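Enquirer: Need a 3D model of the following:
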Amino acid sequence: MSVQSEQYQLIAIGGGPAGLAAAHSAWQRGLRKILIVERDRELGGILNQCIHNGFGLHYFKEELTGPEYAERFVQKIENTGIEVMLETMALEITPNREVHIVGKESGYRILSAKSIVLAMGCRERTRGAIGIPGTRPAGIFTAGAAQRYVNIEGYMVGKRVVILGSGDIGLIMARRMTLEGAQVLACIELAPHPGGLTRNIVQCLHDYDIPLYLSHTIIDIRGKKRVEQVVAAKVDENRDPVPGSELVFDCDTVLLSVGLIPENELSKTAGIALDPRTGGAVVGEGMQTSIPGIFACGNALHVHDLVDFVTTEGEKAGKAAAVFALSGNESSNECWHVKNGKAVSYTVPQKVSKMPADHSATVFFRANRVLGKSRVIVSADGNQLASFKRARIFPGEMEQITLPKKLLEQATGEVVISCEEDAN
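Expert: The predicted structure follows:
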């Protein structure tokens, strides 16, 4: 079978906020042969179904809905010569930067690129991924699927709803379903703390008197053709159900907001090193992966809270990809490795290049438990290099610190990011 091959300076896989920002950033830095590959019918990614406001406060300094935020970047792309392929799937990426695609109009093609940006986003965990006991009736949806049905397709997914998990999409859907006339009976969270942003806990649950059951989980789903009942129970410190704590809800719908997973099947087949802590690629501060010329950003790299941070990360990846495409220079192999320490789940980037030494690096990280007045401690070789005060640290909100490379020069081994709660 013969296939067409074409050379690009940059190919962005994904037309959501990360891919749009990366492509536009690369265009601004001189690339002129750029392609965005998007599997959906239009650009914008998940933002198109997020019709609530709250987007853009950091990046645009104003409050926008998801579609409004996406449209800002779509218009930027339209004012350039960036090529877009919609309804097109990227099937494979090779280490020598070939991209196999298939589309309704393009057919099967193999494209080559001087640089690639991975911006595939993330997917939701399903019922099968977490193993909820019970029957298998209709009426069980991931929160994101329900959001698409209600906001884009125009279908109401249920009338009496129980939500498992307190991630941001589930919280947003608790409010959305209430506004559409459904009764949200409860939001049930396995952890002892909520998983979403504090503002969403307040605006989507408290403002609508929707109860939040922390340290609880669903232990049974009952129903034949359609969900009829959900049984929840309190869990102990080992997350085992506590006998006698059962709660029974008569409902017809269960929404699952039980975590997001970076979409990295393409990365795996390409042989890119992945971080088991994040589920995304291992990158340096320029977002370059273990394969030179391939960069990763956005929710394909690690799950973000705010789209504003996805955008800035995409811009950083696009800038670095443009530099690579124009010069072909690989980043220095000499680097500091950044690891998570006490009370920290992960760090991104996982590596900071030692060249040039007069710059700084921003490190994102997420705590694994709620902390009050605390300090973020940067250490190496058992010695403290820096300390940053925090009034409060919350797992649902991503943290960041900026480290001057002159400070990192004091480290000879791994750099560790930890959190410690003040004694008083």
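Enquirer: Which stretches in the stretch 251-400 of the chain count as strands?
Expert: Assigned by DSSP state E, counting those that start in this stretch, the strands in the stretch 251-400 of the chain fall at 253-256, 260-262, 294-296, 335-340, 344-348, 351-353, 360-367, 374-380, 383-390, 399-404.
Enquirer: and the angle from the fifth one to strand 360-367?
Expert: Here the directions of strand 344-348 and strand 360-367 differ by 150 degrees (axes from the mean of the first three to the mean of the last three CA atoms, to 10 degrees).
Enquirer: What are the phi and psi values at residue 223?
Expert: Phi and psi for residue 223, reported as degrees, to the nearest 10, are phi 150, psi 160.
Enquirer: mind listing what it touches?
Expert: 135, 137, 139, 229 (CB atoms under 8 Å, 6 or more residues apart in numbering). No exception for glycine: its C-beta is placed from N, CA and C like everyone else's.
Enquirer: List buried residues within these.
Expert: 137, 139, 229 (16 or more other CB atoms under 10 Å).
Enquirer: Give me the nearest residue to the second one, chain neighbours excluded.
Expert: Distances taken as CB to CB, 6 or more residues apart in numbering put residue 227 closest to residue 139, at 3.7 Å, once the chain neighbours are dropped.
Enquirer: Now do that neighbour: how many residues are near it, please.
Expert: Burial of residue 227 is recorded as 25 neighbouring residues (other CB atoms under 10 Å).
Enquirer: and after the helix or strand containing it, which helix or strand comes next?
Expert: For residue 227, the element it lies in under DSSP states H and E is strand 227-234. For strand 227-234, the following helix or strand on the C-terminal side (DSSP H and E) is strand 247-250.
Enquirer: for that next one, which positions count as buried?
Expert: 247, 249.
Enquirer: Can you name every helix or strand that it contacts?
Expert: If contacts are counted by 3 or more CB pairs under 8 Å, 6 or more residues apart in numbering; DSSP states H and E, strand 247-250 sits against strand 160-164, strand 183-188, strand 227-234.
Enquirer: residues touching the residue minimising distance to the centre of the chain, list them.
Expert: The chain has residue 303 as the residue nearest its centroid, 2.4 Å off, counting by CA atoms, centre = their mean. When contacts are counted by CB under 8 Å, 6+ apart, residue 303 touches 122, 260, 262, 278.
Enquirer: ok, it to residue 176 distance?
Expert: Separation of residue 303 from residue 176 (CB to CB, to the nearest Å): 21 Å.
Enquirer: wait, isn't residue 66 in contact with residue 50?
Expert: Yes. Using CB atoms under 8 Å, residue 66 is in contact with residue 50, at 3.0 Å.
Enquirer: Dump the C-alpha coordinates for the helix ranked longest in the chain into PDB.
Expert: In the chain, with assignment by DSSP state H, the single longest helix is helix 307-327. Taking Å, rounded to 0.1, in the frame of the first residue of the first chain, the C-alpha atoms of helix 307-327 are listed here in PDB:
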ATOM      1  CA  VAL A 307      -6.700  25.600  31.700                       C
ATOM      2  CA  ASP A 308      -4.600  28.800  32.100                       C
ATOM      3  CA  PHE A 309      -1.700  26.600  33.300                       C
ATOM      4  CA  VAL A 310      -2.300  24.200  30.400                       C
ATOM      5  CA  THR A 311      -1.900  27.100  28.000                       C
ATOM      6  CA  THR A 312       1.300  28.500  29.500                       C
ATOM      7  CA  GLU A 313       2.800  25.000  29.500                       C
ATOM      8  CA  GLY A 314       1.700  24.500  25.800                       C
ATOM      9  CA  GLU A 315       3.400  27.800  24.900                       C
ATOM     10  CA  LYS A 316       6.600  26.700  26.600                       C
ATOM     11  CA  ALA A 317       6.600  23.400  24.700                       C
ATOM     12  CA  GLY A 318       5.900  25.200  21.400                       C
ATOM     13  CA  LYS A 319       8.800  27.600  22.000                       C
ATOM     14  CA  ALA A 320      11.200  24.800  22.700                       C
ATOM     15  CA  ALA A 321       9.900  22.800  19.700                       C
ATOM     16  CA  ALA A 322      10.500  25.800  17.500                       C
ATOM     17  CA  VAL A 323      14.000  26.200  18.700                       C
ATOM     18  CA  PHE A 324      14.700  22.500  18.100                       C
ATOM     19  CA  ALA A 325      13.100  22.500  14.600                       C
ATOM     20  CA  LEU A 326      15.200  25.600  13.500                       C
ATOM     21  CA  SER A 327      18.500  24.500  15.100                       C
END
